[in-house]
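Enquirer: Below is the sequence, then the predicted model.
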Amino acid sequence: MESNDMTYGKAMAELEQIVAKMQSDNCDIDSLSGYTTRALQLLKFCKEKLLVTDREVKRCLEEGEKL
């Protein structure tokens, strides 16, 4: 789905570009399916990144409480 250099910031920027294209008066109806598919891939990537980050932060906080 994404290359190894994909970051949360890059995914969000691409999502913003897709939304802008979809909201444009020049949006081609034939492109909507591709935009939607890519947007869903990016959303899944971002969700996974957020979940991993949340787990890491919770782990760090738990370790900090043990000090």
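Expert: Yep, that arrived.
Enquirer: which residue of this structure sits farthest from its center?
Expert: In terms of distance from the mean C-alpha position of the chain, Leu67 ranks first, at 34.5 Å (CA atoms, centre = their mean).
Enquirer: where does the chain dip in pLDDT?
Expert: 1-3 (pLDDT under 70).
Enquirer: Once you drop chain neighbours, what's closest to Cys27?
Expert: What sits nearest to Cys27 in space, not counting adjacent residues and going by CB to CB, 6 or more residues apart in numbering, is Lys21, at 6.0 Å. Using the backbone N, CA and C atoms, a C-beta is placed for each residue, glycine as well.
Enquirer: Check which residues of the helix or strand hosting the one you found are buried.
Expert: Assigned by DSSP states H and E, Lys21 falls within helix 8-23. For helix 8-23, a neighbour-count test (16 or more other CB atoms under 10 Å) marks Ala11, Glu14, Leu15, Ile18 as buried.
Enquirer: Dump those residues into a markdown table; add distance to Thr37 as well.
Expert: Conversion of the buried residues of helix 8-23 to a markdown table gives the following (distance: CB to CB, whole Å):
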| residue | distance to Thr37 |
| --- | --- |
| Ala11 | 14 |
| Glu14 | 13 |
| Leu15 | 13 |
| Ile18 | 10 |
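Enquirer: ok, those residues vs Lys47, which is closest?
Expert: Nearest to Lys47, judged by CB to CB, of the buried residues of helix 8-23 is Ala11 at 10.1 Å.
Enquirer: For Lys66, see how far away the residue nearest to that closest one when sequence neighbours are not counted is.
Expert: Of all residues not flanking Ala11 in the chain, Leu42 sits nearest, at 4.7 Å (CB to CB, 6+ apart). Distance, Leu42 to Lys66, by CB to CB, to the nearest Å: 37 Å.
Enquirer: More neighbours: which of those two?
Expert: Leu42 (21 against 5; other CB atoms under 10 Å).
Enquirer: Return the set of buried residues in the helix or strand where that one lies.
Expert: Element membership for Leu42 (DSSP H and E) is helix 32-65. Residues Tyr35, Leu42, Phe45, Cys46 are the ones in helix 32-65 that count as buried (16+ other CB under 10 Å).
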